[in-house]
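J.: Please work out how this folds:
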Amino acid sequence: MKVRTISEMASACGVPRWRVLWVLQSRGIEPEARIGNAWVFGEDAAERVRAALAEINAKRGVGA
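T.: Take a look at the predicted model:
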């Protein structure tokens, strides 16, 4: 299982780190674990973040 940090998800989605953090907090997506001071998320959470960002962009008319 691949785990991702908030920064890795932001980089993969091409958005600022704060936007991924906002999606995680607003959607109640919890980290799988904590390694050092980093929260790590599984592929399920990463897919939920990608879907939420795509939904936000579609509503705003961005990236169409």
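J.: Please count neighbours and contacts with C-alpha atoms only from this point.
T.: Will do.
J.: who does the longest helix anywhere in the chain touch, helix- and strand-wise?
T.: Criterion DSSP state H: the longest helix present in the chain is helix 43-60. Contact partners of helix 43-60 among helices and strands, from 3 or more Cα pairs under 8 Å, 6 or more residues apart in numbering; DSSP states H and E: helix 17-27.
J.: mean confidence score for the helix it packs on?
T.: The pLDDT scores in helix 17-27 average 96.
J.: can you dump the C-alpha coordinates of it into PDB?
T.: What follows is helix 17-27, C-alpha atoms only, in PDB (Å, rounded to 0.1, in the frame of the first residue of the first chain):
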ATOM      1  CA  ARG A  17      -0.700  22.300   0.200                       C
ATOM      2  CA  TRP A  18      -3.300  24.400   2.000                       C
ATOM      3  CA  ARG A  19      -6.000  23.400  -0.500                       C
ATOM      4  CA  VAL A  20      -5.400  19.700   0.200                       C
ATOM      5  CA  LEU A  21      -5.400  20.400   3.900                       C
ATOM      6  CA  TRP A  22      -8.700  22.200   3.600                       C
ATOM      7  CA  VAL A  23     -10.200  19.300   1.600                       C
ATOM      8  CA  LEU A  24      -9.000  16.800   4.300                       C
ATOM      9  CA  GLN A  25     -10.400  18.900   7.100                       C
ATOM     10  CA  SER A  26     -13.700  19.800   5.400                       C
ATOM     11  CA  ARG A  27     -14.400  16.300   4.300                       C
END
